[in-house]
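Colleague: everything below, folded, please.
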Amino acid sequence: HFGLDPHSAALSGTSSEAGESAARAKDLIGFNFSGTVLNADGRLAHNAGAGEALELAIVAAALAENLRRLDAAGLAPETTFAATALCLAADQDQFLTTAKFRAARLLHARMQAACGISEPKPAHIHAETSWRMLTRLDPETNILRNTIAVFSAGTGGADEITVLPHTLALGVPDPFARRIARNTQVVLITESHLAHVADPAAGAGGIEALTDALAERAWEVFADIEKTGGLSAAIASGRIKAMVEAARAAQRVRPI
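Modeller: Numbers count the residues shown, from 1 in each chain. The predicted model follows:
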């Protein structure tokens with residue numbers, strides 16, 4: 001992954017030039033790398049407090065902006081879809097995380113259909129364990145949180161997963177914490193055979209219903225963002241920040 005992503009830079013308040021990123025992406029795509037060049041990333045919004053549907057909507061809106069900018073640069077939509085990785089956070093809510101990753105694939109396929117692509121390709125999805133779920137108190141419990149997050153992302157169809165070390169909230173992780181993070185994936189893959197079955201949640205009524213509901217709600221929020229000028233305009237106006245802050249506030253008052 002080259003990970004070019006002007007939208008996350010704009011969300012974080014740092015300077016960003018989307019046109020320059022599009023030009024760089026076009027150059028890199030021209031080299032025919034096998035990996036992805038651009039990100040459509042919801043992790044920053046998630047860690048700031050966004051719910052699952054809003055995170056998915058921001059990913060879809062970022063992908064739509066990539067499509068527009070690279071279309072203006074002369075690249076076909078098929079090329080942009082293939083060159084863009086969808087990046088999502090995975091947290092300790094097992095069923096919601098699994099449904100969120102499955103819903104991301106539904107949104108990706110729906111966007112390809114809207115672009116008139118007759119032979120849609122599957123999304124390439126990168127997962128990262130949630131920063132916001134990590135606790136500074138008794139950090140060893142974060143090992144369990146990370147394990148659930150990795151399992152959930154894997155069963156939801158993530159192609160690759162980054163595990164944040166369990167002591168990250170306390171500062172720079174030591175070698176032991178980094179080793180535990182690596183071994184979380186190793187154990188799940190080699191002993192639990194996490195990578196041996198494609199979409200193991202398929203056909204489970206609860207997961208299917210949750211996936212569909214998340215995809216529909218995310219599409220509604222995405223369409224609303226598009227109606228007001230797209231993701232860049234929504235970031236510049238402060239609308240995305242307000243939506244994330246409202247979601248965070250709602251979580252804080254949610255009864256336990």
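Colleague: quick check: pLDDT value at P255.
Modeller: Each residue has a pLDDT score; the one for P255 is 53.
Colleague: longest helix of this structure?
Modeller: In the chain, taking DSSP state H as the definition, the longest helix is helix 205-227.
Colleague: so which elements touch it?
Modeller: Counting contacts by 3 or more Cβ pairs under 8 Å, 6 or more residues apart in numbering; DSSP states H and E, the secondary-structure elements packed against helix 205-227 are helix 52-72, helix 94-114. To be clear about C-beta, it is placed using only N, CA and C from the backbone, and glycine gets the same treatment.
Colleague: now for the following helix or strand past it, which elements pack on it?
Modeller: Towards the C-terminus, the helix or strand next in line after helix 205-227, according to DSSP states H and E, is helix 231-236. Counting by 3+ Cβ pairs under 8 Å, 6+ apart, the packing neighbours recorded for helix 231-236 are helix 6-11, helix 52-72, helix 239-252.
Colleague: could you dump those to TSV with mean neighbour count, mean pLDDT and distance to G171?
Modeller: Output for the helices and strands packed on helix 231-236, formatted as TSV (neighbours: other Cβ atoms under 10 Å; pLDDT from 0 to 100; distance: least, Cβ to Cβ, whole Å):
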stretch	mean neighbour count	mean pLDDT	distance to G171
helix 6-11	23	79	23
helix 52-72	24	96	26
helix 239-252	15	91	24
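Colleague: include distance to K227 when you put those helices into a markdown table, please.
Modeller: Compiled in a markdown table, these are given as follows (distance: least, Cβ to Cβ, whole Å):
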| stretch | distance to K227 |
| --- | --- |
| helix 6-11 | 18 |
| helix 52-72 | 11 |
| helix 239-252 | 11 |
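Colleague: distance of R105 from V172?
Modeller: Applying Cβ to Cβ, to the nearest Å, one obtains 35 Å for the distance of R105 from V172.
Colleague: how far away is the spatially most central residue of the chain from G51?
Modeller: In the chain, the centroid-proximal residue (Cα atoms, centre = their mean) is L88; its distance is 1.9 Å. Relative to G51, L88 is positioned 12 Å away (Cβ to Cβ).
Colleague: partner residues bridging A89?
Modeller: In this structure, A89 has beta-bridge partners E128, where bridges are defined by DSSP bridges.
Colleague: which pLDDT value belongs to it?
Modeller: Here the pLDDT value assigned to A89 is 98.
Colleague: what's near enough to touch it?
Modeller: Going by Cβ atoms under 8 Å, 6 or more residues apart in numbering, A89 touches 42-43, 46-47, 55, 127-132.
Colleague: please repeat the previous calculation with a cut-off of 7 Å.
Modeller: When contacts are counted by Cβ atoms under 7 Å, 6 or more residues apart in numbering, A89 is found next to 42-43, 46-47, 128, 130.
Colleague: cool, T184 as well?
Modeller: By Cβ under 7 Å, 6+ apart, the residues touching T184 are 146-147, 150, 163.
Colleague: ok, I225 next?
Modeller: I225 sits next to 57, 61, 231, 234 when contact means Cβ under 7 Å, 6+ apart.
Colleague: which ones are touching the closest residue to the third one other than its chain neighbours?
Modeller: Leaving aside its sequence neighbours, L231 sits nearest to A61 (Cβ to Cβ, 6 or more residues apart in numbering; 3.9 Å). Residues counted as contacts of A61 (Cβ under 7 Å, 6+ apart) are 222, 225-226, 230-231.
Colleague: good, we can wrap up now.
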